[in-house]
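A.B. asks: Whatever this is, show me its structure:
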Amino acid sequence: MAQSVKRKRPRQSTINSNDSKVIKLEDIGKFLTNVLMDPSYIWYIATILLLGELVLNIVIIQKVAYTEIDWTAYMQEVKGFIEGERDYLNLRGDTGPLVYPAGFVYIYSGLYYLTNKGTNVRLAQYIFAGLYLATQAVVFALYSKSKKFPPYALALLCLSKRLHSIYALRCFNDPVAMFFMYSCILAMIHKRWVFSGILYSLAISVKMNVLLFFPAFGILLWQAIGAWRTFAVLSLMGSIQIVLGYPFLSTYPESYLGRAFEFSRSFDYQWTVNWRMVTEKTFGSGVFAKSLLAGHAIVLFLFLYFVWCKRGGGLVKVFLDGFKGNSVRRSVSPDDILSMMFTSNLIGMVFARSLHYQFYSWYYHALPYLLWQSVWMTTGSQTFRNYIRIFVLATIEACWMTFPSTERSSWTLFACHAILLTGLFKRDQEETEQSKNE
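C.D. replies: Numbering: from 1, shown residues only. Next comes the predicted model:
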């Protein structure tokens, strides 16, 4: 009898061991599901992606040939400043005159010294690879605050061949401006409104494209902190521009303002990504420029009136509430901030006078979020919706990878933008109506 009992013990132990394995497998499966689907686990995926991006950028720099486009010109422009020139009319490079504000001059002057007067291009590439990783980390932090974006879709932010090229193989100034801009949006999400204004002003000082975010930025400030504090933040931003530009404003102010903040700048037709479907004559005409400006203003007003201010009771009420106390202020959520800021920039991109290849960095990081919010991407099964989103993103990438651009690539890009923008407008209208009925 005792022997019989002894024989049964190993069997019981085996059963317990199998149960333990089953439990562990179930735990692992549950953990993996949470990592992929639960926003609170998003940094598990983000960390893995950042490590992968680190390796990928090193491989790109070591294995893919660097392409000279603007780096030498940047170094020539800041060299004049370093040697004492303060007249923007005399700061030039091989690609033409200096057309960026003072923040650009200071940042690239630092790069001039770090890279042995711009000759150590490989070091510059590694610096921009670091900028790429820092930007990705900030963008991941933005997405981690959203309740409308699944963690597994973060991988889409790492798949652009064109974006890696813009950073690691070109060293353009656009990514520098966008790093400050995304940091500004992160500060807004954390309710650091003054700090967000400082970061925004620094972004403007590098390149003016970030002004496309300003309509949403202004409305969000107005709703969140009221009129008087908004005026204070805007005044601070203006003061920063004056301080940064002082060496030029105190000597040749007209040259500086005319070059660094030139809104009537003409663009080269051969580099356009978005308007190849029109003739070169039309592209360069004043009528075309005014039509795009009018379209930009109209679409902005539609979002402003029917979407962004609707949830606050309407445009007039939002305006008047800005002058009242905190009790009537609207609390803006992280998704409000992301949706409004990214959409404002997208509207500007749709109606931009011209988009050059490096301008892809202006909005690529926002595209996955916007695709997840577009109403056209929210019907059908989850698998079907994801296929559509990935297809649209891949199509946009293909348009930006087409060099030189063609009529087909420009029309396709315009169609993708239009689909995305109308989907966002309809989705926001539906959410606004739902919030009013609750």
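A.B. asks: Give the buried residues for stretch 192-208.
C.D. replies: 193, 195-208 (16 or more other C-beta atoms under 10 Å). To be clear about C-beta, it is placed using only N, CA and C from the backbone, and glycine gets the same treatment.
A.B. asks: of all those, which comes closest to residue 246?
C.D. replies: Of all those, residue 246 sits closest to residue 205, with 12.0 Å by C-beta to C-beta.
A.B. asks: after the helix or strand hosting that closest one comes which helix or strand?
C.D. replies: Using DSSP states H and E, residue 205 falls within helix 193-206. Once helix 193-206 ends, the next helix or strand along the chain (criterion: DSSP H and E) is helix 214-249.
A.B. asks: and that following helix, how far from the chain's centre?
C.D. replies: With C-alpha atoms, centre = their mean, to the nearest Å as the basis, helix 214-249 stands 20 Å off its chain's centre.
A.B. asks: for stretch 86-94, what is the average pLDDT?
C.D. replies: For stretch 86-94, mean pLDDT is 95.
A.B. asks: What lies in contact with that stretch?
C.D. replies: Applying C-beta atoms under 8 Å, 6 or more residues apart in numbering, the external contacts of stretch 86-94 come out as 70, 72-78, 80-81, 85, 97-98, 105, 247-248, 251-252, 255-256, 258-260.
A.B. asks: If we use 10 Å, what do you get?
C.D. replies: 68, 70-81, 85, 97-102, 105, 245, 247-260 (C-beta atoms under 10 Å, 6 or more residues apart in numbering).
A.B. asks: That one: end-to-end distance?
C.D. replies: Using C-alpha to C-alpha, to the nearest Å, the end-to-end distance of stretch 86-94 comes to 19 Å.
A.B. asks: May I see the buried residues of that stretch?
C.D. replies: 86, 88, 91, 93.
A.B. asks: Need the max-distance pair from those.
C.D. replies: So, those by C-beta to C-beta: farthest apart are 86 and 93, at 16.7 Å.
A.B. asks: residues of stretch 231-245 that come out buried?
C.D. replies: Of all the residues in stretch 231-245, those buried under the rule 16+ other C-beta under 10 Å are 232, 233, 234, 237, 240, 241, 244, 245.
A.B. asks: what's that stretch in contact with?
C.D. replies: The contact list for stretch 231-245 (C-beta under 10 Å, 6+ apart) reads 88, 101-106, 193-202, 204-205, 214, 217-218, 221-222, 225-226, 249-250, 253, 256-257, 260-261, 322.
A.B. asks: Quick check: residue 43 touching residue 145?
C.D. replies: No: using C-beta atoms under 10 Å, residue 43 is not in contact with residue 145; the gap is 11.8 Å.
A.B. asks: How many residues are close by the closest residue to residue 315 other than its chain neighbours?
C.D. replies: Leaving aside its sequence neighbours, residue 315 sits nearest to residue 309 (C-beta to C-beta, 6 or more residues apart in numbering; 4.4 Å). For residue 309, the tally of surrounding residues (other C-beta atoms under 10 Å) stands at 21.
A.B. asks: try residue 367
C.D. replies: As a burial measure, residue 367 scores 22 neighbours (other C-beta under 10 Å).
A.B. asks: give me phi/psi at residue 97?
C.D. replies: Dihedral pair for residue 97: phi -80, psi 160, per degrees, to the nearest 10.
A.B. asks: Just the buried ones among the contacts of stretch 86-94, please.
C.D. replies: The neighbour-count test (16+ other C-beta under 10 Å) marks 70-71, 73-81, 85, 98-102, 105, 245, 248-249, 252, 255-256, 259-260 as buried among these.
A.B. asks: And the buried residues of stretch 86-94, which is closest to residue 299?
C.D. replies: The nearest member of the buried residues of stretch 86-94 to residue 299, counting by C-beta to C-beta, is residue 88 at 33.2 Å.
A.B. asks: State the distance from that closest one to residue 202.
C.D. replies: 19 Å (C-beta to C-beta, to the nearest Å).
A.B. asks: Over to residue 315?
C.D. replies: 30 Å.
A.B. asks: need the helices for the stretch 51-200 of the chain, in chain order.
C.D. replies: For the stretch 51-200 of the chain, the helices defined by DSSP state H, counting those that start in this stretch cover 71-82, 102-114, 121-144, 161-164, 174-189, 193-206.
A.B. asks: Ok, which of those comes nearest residue 412?
C.D. replies: helix 161-164 (15.1 Å).
A.B. asks: got the contact list for that closest one?
C.D. replies: With C-beta under 10 Å, 6+ apart as the criterion, helix 161-164 contacts 53, 56-57, 60-61, 64, 129, 132, 135-136, 157-158, 170, 175, 357-358, 360-361, 364-365, 396-401, 403.
A.B. asks: Can you select the buried ones among those residues for me in PyMOL?
C.D. replies: Per 16+ other C-beta under 10 Å, the buried members of the contacts of helix 161-164 correspond to this PyMOL selection:
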select buried, resi 53+56+57+60+61+129+132+135+136+157+170+175+357+358+360+361+364+365+396+397+399+400
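A.B. asks: when you check the contacts of helix 161-164 against the strands, which ones overlap?
C.D. replies: Among the contacts of helix 161-164, the subset assigned to strands under DSSP state E is empty.
A.B. asks: Could I get the contacting residues of residue 70?
C.D. replies: Residues in contact with residue 70 (C-beta under 10 Å, 6+ apart) are 77, 93, 94, 95, 170, 171, 172, 173, 174, 358.
A.B. asks: My read is that the fourth one contacts residue 73, right?
C.D. replies: Yes: here residue 95 reaches residue 73: they are 4.2 Å apart, a contact under C-beta under 10 Å.
A.B. asks: Common neighbours of these two, please.
C.D. replies: Listed as contacting both residue 95 and residue 73 by C-beta under 10 Å, 6+ apart is no residue at all.
A.B. asks: hang on, the earlier thing: so which elements touch the helix holding residue 205?
C.D. replies: In terms of contacts (3 or more C-beta pairs under 10 Å, 6 or more residues apart in numbering; DSSP states H and E), helix 193-206 is packed against helix 102-114, helix 174-189, helix 214-249.
A.B. asks: who wins for proximity to residue 37 among the ones you listed?
C.D. replies: It's helix 174-189; of the helices and strands packed on helix 193-206, that one is closest to residue 37 (C-beta to C-beta) at 21.7 Å.
A.B. asks: can you give me the offset of that closest one from its chain's centre?
C.D. replies: Distance, stretch centre to chain centre, for helix 174-189: 8 Å (C-alpha atoms, centre = their mean).
A.B. asks: just checking, what packs against it?
C.D. replies: By 3+ C-beta pairs under 10 Å, 6+ apart, helix 174-189 packs against helix 102-114, helix 121-144, helix 193-206, helix 214-249, helix 334-350.
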